[in-house]
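In: Requesting a structural model of the entry that follows:
(chains A and B)
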Amino acid sequence: MRIPCPLCGARGNEEFTYLGPAGVARPAPEAPDDAWHAYLHERVNPAGQHRELWWHGQGCRAWIVVTRDTRTHRIEAATLARDAEARP
Amino acid sequence: MRYSVFALLRGALTGQKHWTPAWRNPEPKRAYDTVIVGGGGHGLATAYYLAKEHGITDVAVLEKSWIGSGNVGRNTTIIRSNYLLPANTQFYEKSLQLWEGLEQDINFNAMVSQRGVLNLYHSDAQRDAYARRGNAMRLAGVDAELLDAAAVRAMLPGLDMDNARFPVMGGLLQRRGGTVRHDAVAWGYARAADRRGVDIVENCEVTGIDIVQGRVTGVQTTRGAIRARRIGLAAAGNSSRVAALAGLRLPIESHVLQAFVSEGIKPVLDTVVTFGAGHFYVSQSDKGGLVFGGDIDGYNSYAQRGSLPVVEEVMECAVALFPAFSRLRYLRQWGGIMDMSMDGSPIIGTTPIEGLFLNCGWCYGGFKATPASGWCFAHTIATGAPHPLNAAFTLDRFRTGAVIDEKGAGATPNLH
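Out: Numbers count the residues shown, from 1 in each chain, chains lettered A, B, ... in the order given. The predicted structure follows:
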């Protein structure tokens, strides 16, 4: 799988580190237990389009939001996380 | 037809024309007492133990593809019970005991081979951790032996003991561990469940779960609606998708794990070996091919295929342990979709919806758990409450904080 880094171009996925779904907001410290439980443990885990965070650690070191189909691994879009909405 | 040497000899006189299909291919009925979603190892074992242990035979196993197409045929066939935490130790030991009597129980040759599982250690700290785990196992009545370097060298002549970076200092050996022919597990359980009256329905995908006032009433499938009083979900990598049909969001991510087989060679490895400094495990099948695997690819996937960086890493581990393996070609490689839970331990239990039961979160330890998973899940479905062996594997342990975190690493989906 090759990931189209907005800064470096298409690079092999071994240069990147995967974090997980993008756009997951960390609850406030005083938020109820349910909110923390949902944040820490629960996942939508879709079969299909998935917005996710990758870190280009062996390249430009930018955080990237990749939109990828989890059934085919086809990548539809990749933008810098700082430009993406709902940055965690 | 009961399989035996006498049936085989009788068949020899009649040209072996007496063989019949191992299980029926029934049209699904419109209603069942219990429906199991997922015809993998765990779902089939659940149906078998529902019939055998609890006398519940009005059961259908619904499989979206064919029996044996999922993870039960996509693993590296290893069985073991070398865990540290009490809930896991006791559960996996029950599983190993069921493996030991499985073939007589289901009248099917699953080639259960207790050739031992050896976990290598490469540092003082790792030796101490393995000694602790071995002691925990022995306290729980499970066999474990801590081997020093000389004992490992005698056992595995091909091993590179003196690797400059990760010298082998010894290993933790569970002699009762080993391998099982995984396809035969699926077929054996399917046949045994079918013989007790369970309907195994292939090519039948569940597309909806009917819930009325907080209670399940049936499922919608690609082969029509089926009413059911109780529904058990055993969908492994597709658990999140199936649970979403009932409005549940699970502490699960689906990840792809690859496995590999080399060309067949003469006997070279008579046990299962795991690398303590990387993530690698290898055994030799009875056909002669080396069967091995490593870590998950590390990103969400439902694609049942992995990518090349992990292939390279697994081969590096193989050659680091056994330099002679660099001369081998690998024949084939495949991917399975793992239901990675957030503490590395499984979920077998009830859900907030009455009559709906959940079996998932196997990470990549699901194959060895197959018999106990089915046994415990059947108990949970039949009685409405978990057996003591799976009482800790609840869905709400993540909410309450009573997680079973074998690795002590916190909430991440990359544990096993």
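
In: all contacts plus neighbour counts: C-alpha atoms, from now on.
Out: Noted.

In: Which residues lie in contact with the residue most central in space within chain B in this structure?
Out: In chain B, the C-alpha nearest the mean C-alpha coordinate belongs to B:F367, at 1.4 Å (Cα atoms, centre = their mean). Neighbouring residues of B:F367 by Cα atoms under 8 Å, 6 or more residues apart in numbering or on different chains: B:41, B:71-72, B:75, B:77-79, B:182.

In: Which of those sits closest to chain A?
Out: When those are ranked by distance to chain A (Cα to the nearest Cα), B:N71 comes first, at 16.3 Å.

In: Now do the contacts for that closest one.
Out: B:N71 touches B:40, B:236, B:336-338, B:367, counting by Cα under 8 Å, 6+ apart.

In: again with B:N238
Out: Applying Cα under 8 Å, 6+ apart, the residues near B:N238 are B:254, B:302, B:337, B:339.

In: Ok, A:G57 next?
Out: With Cα under 8 Å, 6+ apart, A:G57 has these contacts: A:15-17.

In: got CSV for these, with distance to B:A60 too?
Out: Compiled in CSV, those are given as follows (distance: Cα to Cα, whole Å):
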residue, distance to B:A60
A:E15, 46
A:F16, 44
A:T17, 42
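
In: Could you identify which of these has the most neighbours?
Out: A:F16 (22 neighbours; other Cα atoms under 10 Å in any protein chain shown).

In: Tell me the spacing between that one and chain B.
Out: 11 Å (Cα to the nearest Cα, to the nearest Å).

In: Could you do A:P4 as well?
Out: With Cα to the nearest Cα as the criterion, A:P4 and chain B are 16 Å apart.

In: so B:G344 makes contact with B:G408?
Out: No. Assessed by Cα atoms under 8 Å, B:G344 is found out of contact with B:G408, at 9.7 Å.

In: more crowded one of the two?
Out: Neighbour count, other Cα under 10 Å: between B:G344 and B:G408, B:G344 has more, with 28 against 11.

In: what about the more buried one, which helix or strand?
Out: Taking DSSP states H and E as the definition, one finds B:G344 inside no helix or strand.

In: Compute the first-to-last residue distance for stretch B:203-220.
Out: 14 Å (Cα to Cα, to the nearest Å).

In: On the three-state scheme, A:T79 is what?
Out: strand (DSSP: H, G, I helix; E, B strand; the rest coil).

In: Quick one: residues contacting it.
Out: A:5-6, A:64-66.

In: Output the below-cut-off pLDDT ranges for chain A.
Out: In the predicted model of chain A, residues A:85-88 satisfy pLDDT under 70.

In: Could you rerun that using 90?
Out: Residues of chain A meeting the criterion pLDDT under 90: A:25, A:83-88.

In: Please list the residues of it that sit near chain B.
Out: A:1, A:13-14, A:18, A:20, A:33-34, A:37, A:40-47, A:70-73 (Cα under 8 Å from any Cα of the partner chain).

In: Among those residues, which lie within helices?
Out: Counted as lying in helices by DSSP state H, out of the residues of chain A next to chain B, are A:33-34, A:37, A:40.

In: And for B:A129, the neighbour number?
Out: B:A129, neighbours per other Cα under 10 Å, totals 14.

In: check which helix or strand covers it.
Out: helix B:124-139.

In: mind listing the strands for chain A?
Out: A:2-5, A:9-12, A:17-21, A:49-55, A:63-69, A:75-80 (DSSP state E).

In: which other helices and strands contact the first one?
Out: In this case it means strand A:2-5. Applying 3 or more Cα pairs under 8 Å, 6 or more residues apart in numbering or on different chains; DSSP states H and E, one finds that strand A:2-5 contacts strand A:9-12, strand A:75-80.

In: coming back round to it: tell me the two of the contacts of B:N238 that are most distant?
Out: B:Y302 and B:D339 (10.2 Å; Cα to Cα).

In: How about B:N359: what's its closest non-neighbour residue?
Out: Using Cα to Cα, 6 or more residues apart in numbering or on different chains and skipping the chain neighbours, the partner closest in space to B:N359 is B:I348 (4.5 Å).

In: Give me every residue in chain B lying close to chain A.
Out: So chain B meets chain A at B:240-241, B:249-254, B:298-303, B:307-309, B:342, B:398-399, B:411 (Cα under 8 Å from any Cα).

In: Buried members of these into ChimeraX, please.
Out: Buried members of these, defined by 16 or more other Cα atoms under 10 Å in any protein chain shown, are picked up in ChimeraX with:
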select /B:240,241,249,250,251,252,253,254,298,299,300,301,302,303,307,342,398,399,411
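
In: Same list, the contacts of A:T79, but as TSV with neighbour count please.
Out: Formatted as TSV, those follow (neighbours: other Cα atoms under 10 Å in any protein chain shown):
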residue	neighbour count
A:C5	25
A:P6	14
A:I64	26
A:V65	27
A:V66	23
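
In: just to revisit the earlier point, please enumerate residues in contact with the helix holding B:A129?
Out: B:82-85, B:89, B:121, B:143-146, B:169-172.

In: What's the mean pLDDT across that helix?
Out: Helix B:124-139 comes out with an average pLDDT of 97.

In: That helix: how far from the chain's middle?
Out: Offset of helix B:124-139 from its chain centre (Cα atoms, centre = their mean, to the nearest Å): 24 Å.

In: after that helix, next one along is what?
Out: Taking DSSP H and E, what comes next after helix B:124-139 is strand B:145-148.

In: Show me what that next one pairs with in its sheet, parallel or antiparallel.
Out: Sheet pairing for strand B:145-148, assigned by DSSP bridges, gives strand B:170-174 (antiparallel).

In: Rounded mean pLDDT for the partner strand, please.
Out: 98.

In: Dump the C-alpha coordinates for it into PDB.
Out: Output of strand B:170-174 as PDB, limited to C-alpha atoms (Å, rounded to 0.1, in the frame of the first residue of the first chain):
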ATOM      1  CA  GLY B 170      16.400 -20.300  26.900                       C
ATOM      2  CA  GLY B 171      12.700 -20.700  26.500                       C
ATOM      3  CA  LEU B 172       9.400 -21.400  28.300                       C
ATOM      4  CA  LEU B 173       8.100 -24.800  27.000                       C
ATOM      5  CA  GLN B 174       4.500 -26.000  27.200                       C
END
